[in-house]
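J.: fold the stuff below for me.
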Amino acid sequence: MHLHSMAAPRPIEIWIDALPTPPLKRAVSERRPLYEIGSNMDRTPIRGSKAINRGQEADDLELSTPRALTIPHPADVSMCASPSLSSESSMNSRTGFSDAASSRSQGLKRRRSESPKKRLANLTLARYPVIQRSIGALRDLPSGAQTLAKNMRRCQLRVGILHPESRDTMRPFLDIDSDDEMTDRLFSDGRGLVGDAPRIADMMSIVRQANENEAEQASEAAWNGDVHTALLRVSLRCSKWRDELRCDNVTTASIEAGAFSLPQYRQGLEELGSRIDFSIGIRLADDIKRRLSRCISSLNPTLYEPTRWSPTAIHIETKLTGEGWRAAQSQLSLWVTQHVAKLRELLALADQPEGIPLPVLPVLVGQGHDWTVLFFEDHVDGARLYSGFSIGSSKNEVDAEAVCAGFHFLMDWAQTEYRLWFEKMILHPLLESISSRECH
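T.: Predicted structure coming up:
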């Protein structure tokens, strides 16, 4: 036994052994930001996340709707969604985004939040382009629309909008002397050819409500319910053709592929989200509706039941005062484009020649108080939308009478021109075809 192995520890060793043992070093994990958390809330660290700096985070969050984002590995960064347009050049230099990926994501953004102005511009590039045109003179319009346009111009100029028998009742609402020449031109014997004079109490009520809505900044829905519906109902009730026509609120109607019987007319309808507010249509007898339902789905590009078997003659879109003009044009253009497609389908089912001319279709835009009529002209491979005439407003009783006169002229056109064309070119041939099949 060696004695030195049993020797007492040296003082330095005793001091070292007496020192406290340091705690084990724990790995510090940073709290993961939202953009690193996938939709399944996976807690697995994402490699390379530090390559995405704070500036890129802000741009990515601005581009998309608020939801959890997944940032890929830097090797796959070229497949990322592009940032907002305002930071495109700087982001391309920082991350090396490919031009193709950037273009794809920009296209997605446009589809998510396309402005009415862009939507109108896109209509000129569509498979069935709709080109906007201004009306400098009545002769600029197709001959088939000039008579109606002339009557709309009369409403705009406040010529012949009042019945002569209403001179006394309208006297309190005239700003000028009742014997003045400008007053005389308000009245015309021809006004009674398209409709009766509305009750002055009804017009006063509509004007009062309209001015309240304007002062209280009422919603579009309130305008539709309180003012626009009232104006249309009063006008239809006084129209010469009150029993032949109908006016419907169609805010819940939509363009539907199921309304088309031939597959070639259904293409692209799933992408349309356009809606309008009102329509003026033609009434048909119940037995005619039943016979038609045996071979077609609808007479309009929608399955909305109140208007399904009443051919629409006039489409109406409403907005708030001074707002939504481009959006209204866009919505009407999209809707009437499908209305034209439906007419083309019905003409084909009626064995009419391909490319047969359609009537020029009037459309209405109501912006709070103010009403404007436009004209839609089909050219088979495209269309023109003509800016029209401001026919009146609901600011005062005289201007409201001008709106009512405008509606009466439009209703007269729907009955005496559009109905005759529809019956001759579509309805009667379809019914004859149904009858021949039933006989066999």
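J.: show me the shaky parts of the stretch 251-400 of the chain.
T.: 268-273 (pLDDT under 70).
J.: mind listing the strands for it?
T.: Using DSSP state E, counting those that start in this stretch, the strands of the stretch 251-400 of the chain run over residues 278-282, 312-319, 361-367, 370-378, 383-393.
J.: what packs against the second one?
T.: Other helices and strands packing on strand 312-319, by 3 or more Cβ pairs under 8 Å, 6 or more residues apart in numbering; DSSP states H and E, are helix 220-223, strand 278-282, helix 325-349, strand 361-367. C-beta: built from backbone N, CA, C; applies to glycine.
J.: mind listing what's buried along the first one?
T.: Taking 16 or more other Cβ atoms under 10 Å as the basis for neighbour counts, the residues of helix 220-223 that come out buried are 220, 222-223.
J.: for stretch 298-311, same thing?
T.: Within stretch 298-311, the residues scored as buried using 16+ other Cβ under 10 Å are 298-304, 307-311.
J.: list the contacts for residue 153?
T.: Counting by Cβ atoms under 8 Å, 6 or more residues apart in numbering, residue 153 touches 138, 389.
J.: am I right that it is in a helix?
T.: Yes - residue state for residue 153 (DSSP: H, G, I helix; E, B strand; the rest coil) corresponds to a helix.
J.: just the closest of the buried residues of stretch 298-311 to residue 396, please.
T.: Taking Cβ to Cβ as the measure, residue 396 lies nearest residue 307 of these, at 32.5 Å.
J.: could you measure from that closest one over to residue 366?
T.: 18 Å (Cβ to Cβ, to the nearest Å).
J.: where in the stretch 101-250 of the chain is pLDDT low?
T.: Answering for the stretch 101-250 of the chain: the residues below the bar, that is pLDDT under 70, span 101-125, 176-179.
J.: need the phi and psi values for residue 172.
T.: Main-chain torsions, residue 172, degrees, to the nearest 10: phi -60, psi -20.
J.: near it, how many other residues are there?
T.: Residues near residue 172, counting by other Cβ atoms under 10 Å, number 8.
J.: give me every residue that touches it.
T.: Under the contact definition (Cβ under 8 Å, 6+ apart), no residues are listed for residue 172.
J.: ok, it to residue 238 distance?
T.: In terms of Cβ to Cβ, residue 172 sits 20 Å off from residue 238.
J.: what's across from the closest residue in space to residue 310 that isn't next to it in sequence in the sheet?
T.: Of all residues not flanking residue 310 in the chain, residue 281 sits nearest, at 3.9 Å (Cβ to Cβ, 6 or more residues apart in numbering). Assessed by DSSP bridges, residue 281 has beta-bridge partners residue 246, residue 312.
J.: before we move on, the earlier item: what's the most distant pair in the buried residues of stretch 298-311?
T.: Among the buried residues of stretch 298-311, 303 and 311 lie farthest apart (Cβ to Cβ), at 14.5 Å.
J.: many thanks, have a good one.
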